[in-house]
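# here is my input; please provide its structure:
(one chain, ligands or ions: 1)
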Amino acid sequence: MNTTMRRHMTAEILPAGVTPLFAGQNGGAAPAATQAGADAGIQNGRNIGGVILDLQNISLSFGGVKALTDISFNVREHEIRAIIGPNGAGKSSMINVINGVYHPQKGSIVFRGKQRAAMHPAQIARQGIARTFQNIALFKGMTVLDNIMTGRNTKMKSGLLANALWWGRARNEEVEHRRKVEEVIDFLEIQHIRKTPVGRLPYGLQKRVELARALAAEPSMLLLDEPMAGMNVEEKQDMCRFILDVNDEFGTTIVLIEHDMGVVMDISDRVVVLDYGKKIGDGTPDEVMNNPEVIKAYLGTSH
Ligand SMILES: Nc1ncnc2c1ncn2[C@@H]1O[C@H](COP(=O)(O)OP(=O)(O)OP(=O)(O)O)[C@@H](O)[C@H]1O
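Coordinates of the predicted model:
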C-alpha cells in the first residue's frame with residue numbers, strides 16, 4: 001500500500017465513540033494543502049487532478065422538506081472527498097443526486113466537462129460512477145461470487161439469447177467478466193468466502209463484498225455511503241486500508257459519507273460539511289476542523 005505520504009492511518013483509528021471530535025485525532029497528520037493551493041497537481045505528495053465533477057447551486061426538496069439548499073462543491077480526479085454533517089444534513093440526498101436517484105429542482109451538474117441532463121442511475125453507472133449503500137444492498141441468498149458478478153451488468157454487451165446459449169461473444173465476455181471479478185476478489189482478500197452465501201457472512205465482510213461489487217464495474221468514481229457504519233475497530237481499519245488501496249492502485253476518485261470523524265480526517269483530501277441541507281464548510285481536514293461554524297454544528301448534536 002502506497003500510503004506513506006498520506007495521513008498515517010489504520011493503527012490510530014479509534015472507535016467512533018472514543019474519537020475526540022475535533023481534538024487533533026490525527027496525532028500530527030502531515031499538513032494538508034490549503035484551499036487556495038488546492039489546484040490540480042501534486043498536493044501533499046498526492047497527485048490530484050482537475051475538477052471532474054462540478055455541482056453548482058443544487059437545491060432539492062421533498063414536498064415542504066428542503067433536503068439541499070443552494071449547494072456548490074466540486075470533486076477532483078483521484079481525490080478522496082468526504083461529505084460530512086449531522087443526521088438529516090442532506091449527505092445521502094447529495095450522493096443520490098450525484099448518481100441520478102434524485103433529480104434536483106435547481107442547479108447544474110457537470111461531469112467530465114459535460115453538463116448533465118436528468119439521467120437514470122444506470123446511465124450514470126455506464127459513465128463510470130459506482131456506489132455502495134448505507135444499508136447493505138446485496139442478494140443475501142446468493143454467493144459472494146454471484147453478487148460481485150452482478151456488478152458487471154453495465155459492462156455486458158451480448159444479447160439475451162447469446163448469453164442464454166453461452167455462444168461466441170457471450171462466452172468470451174463471460175470469461176473476461178470472471179477474470180475481472182476474480183481480480184477484485186483477490187484485491188479485497190475475500191477468496192476464502194467466494195462460494196459463501198452473503199447472508200451468512202458477518203456484517204463487516206458483507207460491507208467488503210458490497211465494495212467488491214462496486215469495484216467490479218471498474219468505476220472511475222466511487223460513491224461510498226457510510227462504508228464503516230456498524231463496524232468494529234478492526235473492520236474499520238481493514239475498510240480504510242482497502243479504500244486507500246483502491247484510490248492509490250486504481251486511481252479511483254472517491255466520494256465518501258462517513259460519521260467517524262477519525263476516519264474522515266485521516267483519509268480525506270478535502271471535506272464538504274452540510275448542516276440542515278446547507279453547506280457550512282469546505283476545505284482540507286485541517287481547515288474544516290478549525291471552522292467555527294462546523295464545530296458549532298457538531299457540538300450541538302450527538303455526533
Ligand atoms: N425520499 C425522501 N422523502 C422525503 N424526505 C426525504 C427523503 N430523503 C431524504 N429526505 C429528508 O431530507 C433531509 C436530508 O436527509 P438525508 O437522508 O439526505 O440526510 P443525511 O445527512 O444523509 O442523514 P443521515 O446521516 O441520518 O443518513 C431529511 O430531512 C430527510 O428526512
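# which parts of this structure are helices?
Taking DSSP state H, the helices of the chain run over residues 91-98, 121-126, 144-150, 160-165, 168-187, 203-216, 233-245, 261-267, 285-289, 292-299.
# okay, these, which one's buried deepest?
Most buried of the helices of the chain by mean neighbour count (mean count of other CB atoms under 10 Å) is helix 261-267; its value is a mean of 24. Using the backbone N, CA and C atoms, a C-beta is placed for each residue, glycine as well.
# is it in proximity to the ligand?
No: taking CB under 6 Å from any ligand atom as the criterion, helix 261-267 and the ligand are apart, separated by no less than 12.9 Å.
# ok now that helix, how far from the chain's centre?
With CA atoms, centre = their mean, to the nearest Å as the basis, helix 261-267 stands 13 Å off its chain's centre.
# just checking, what packs against it?
strand 80-84, helix 233-245, helix 285-289 (3 or more CB pairs under 8 Å, 6 or more residues apart in numbering; DSSP states H and E).
# 10 Å - rerun?
Secondary-structure packing of helix 261-267 (3 or more CB pairs under 10 Å, 6 or more residues apart in numbering; DSSP states H and E): strand 80-84, helix 233-245, strand 253-257, strand 270-275, helix 285-289.
# which elements pack onto the longest one?
When contacts are defined as 3+ CB pairs under 10 Å, 6+ apart, helix 233-245 sits against helix 203-216, strand 221-225, strand 253-257, helix 261-267.
# quick check: angle from it to strand 221-225?
Comparing the axes of helix 233-245 and strand 221-225 via axes from the mean of the first three to the mean of the last three CA atoms, to 10 degrees yields an angle of 160 degrees.
# what angle sits between helix 233-245 and strand 80-84?
Using the same axes, to 10 degrees: helix 233-245 against strand 80-84 is 130 degrees.
# now helix 233-245: average pLDDT?
When pLDDT is averaged along helix 233-245, the result is 93.
# the nearest residue to residue 235 once chain neighbours are set aside: what's it in contact with?
Among residues not flanking residue 235 along the chain, residue 204 sits closest, at 3.4 Å (CB to CB, 6 or more residues apart in numbering). By CB atoms under 10 Å, 6 or more residues apart in numbering, the contact set of residue 204 is 228, 230-232, 234-236, 238-239.
# could the residues you listed go into a markdown table alongside distance to the ligand?
A markdown table is the format used below for those (distance: CB to the nearest ligand atom, whole Å):
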| residue | distance to the ligand |
| --- | --- |
| 228 | 13 |
| 230 | 13 |
| 231 | 16 |
| 232 | 20 |
| 234 | 24 |
| 235 | 20 |
| 236 | 17 |
| 238 | 23 |
| 239 | 18 |
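# in terms of mean pLDDT, which of the helices of the chain ranks lowest?
When I compare the helices of the chain, helix 160-165 is least confident, with a mean of 55.
# picking up where we left off before, and the helices and strands packed on helix 261-267 as CSV, adding distance to residue 131?
Converted to CSV, those look like this (distance: least, CB to CB, whole Å):
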stretch, distance to residue 131
strand 80-84, 13
helix 233-245, 14
strand 253-257, 9
strand 270-275, 17
helix 285-289, 23
